[in-house]
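**Student:** fold the following and give me the result.
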Amino acid sequence: QVQFVESGGGLVQPGGSLRLSCAASGFTFNDYAMGWFRQAPGKDREYVGGIAWNGGNTYYVDSVKGRFTFSRDNAKNTVYLQMTRLKPEDTAVYYCNAVHFSGSEYSLQYDDWGQGTQVTVSS
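**Tutor:** Next up is the predicted model:
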């Protein structure tokens, strides 16, 4: 059974930082690239970017480039999202999933989603 468990969200002031984690199970983690997604209230889920199976290649959407950094620990089946210089428009529920990606193009490897972790950026 594929499972994703996101954690690390919270309330942070504009300009602040957070580090999200996503623990994956039920598949061979280091066989897959991983993607981060977010869904703001009233909006569709948005692809934020991806990280290759070995961390050697990453892609970030323009709105987060230079502020967000992906990393992964294959020994722990966990992918991380370090967020800095947060903005109110980053407020969303954040999710991860296994993906195949090539730049801005991606395809989900699984239909399963975790519960996500809420990030709220507000003063």
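**Student:** hey, let's count contacts and neighbours off CA atoms from now on
**Tutor:** Fine.
**Student:** now that Y80 has come up, it's in contact with N74, right?
**Tutor:** No: checked against Cα atoms under 8 Å, the pair Y80 and N74 is beyond contact range at 11.0 Å.
**Student:** which one of the two is surrounded by more residues?
**Tutor:** Between Y80 and N74, Y80 has the larger neighbour count (other Cα atoms under 10 Å), namely 22 against 16.
**Student:** so that one versus R19, what's the distance?
**Tutor:** Y80 is 7 Å from R19, where distance means Cα to Cα, to the nearest Å.
**Student:** identify the residue nearest the geometric centre of this structure.
**Tutor:** W36 (2.6 Å; Cα atoms, centre = their mean).
**Student:** bridging residues for it?
**Tutor:** G49, C96 (DSSP bridges).
**Student:** so how far is S123 from it?
**Tutor:** For W36, the distance to S123 - Cα to Cα - is 25 Å.
**Student:** same check, this time on Y60
**Tutor:** For Y60, the distance to S123 (Cα to Cα) stands at 26 Å.
**Student:** who has more neighbours out of these two?
**Tutor:** The residue with more neighbours, out of Y60 and S123, is Y60; 21 against 9, by other Cα under 10 Å.
**Student:** do I have it right that that one meets E46?
**Tutor:** No: using Cα under 8 Å, Y60 makes no contact with E46, being 11.7 Å away.
**Student:** which strands and helices lie in contact with the helix or strand containing V79?
**Tutor:** Of the helices and strands defined by DSSP states H and E, V79 is found in strand 78-83. In this structure, strand 78-83 packs against strand 18-25, strand 68-73, with contacts taken as 3 or more Cα pairs under 8 Å, 6 or more residues apart in numbering; DSSP states H and E.
**Student:** how many residues are close by T58?
**Tutor:** The burial count assigned to T58 is 20, neighbours taken as other Cα under 10 Å.
**Student:** okay, and the beta partners of it?
**Tutor:** On the basis of DSSP bridges, T58 is bridged to I51.
**Student:** and it, how far from T117?
**Tutor:** Counting by Cα to Cα, the gap from T58 to T117 is 22 Å.
**Student:** equivalent analysis for R19, please.
**Tutor:** 11 Å.
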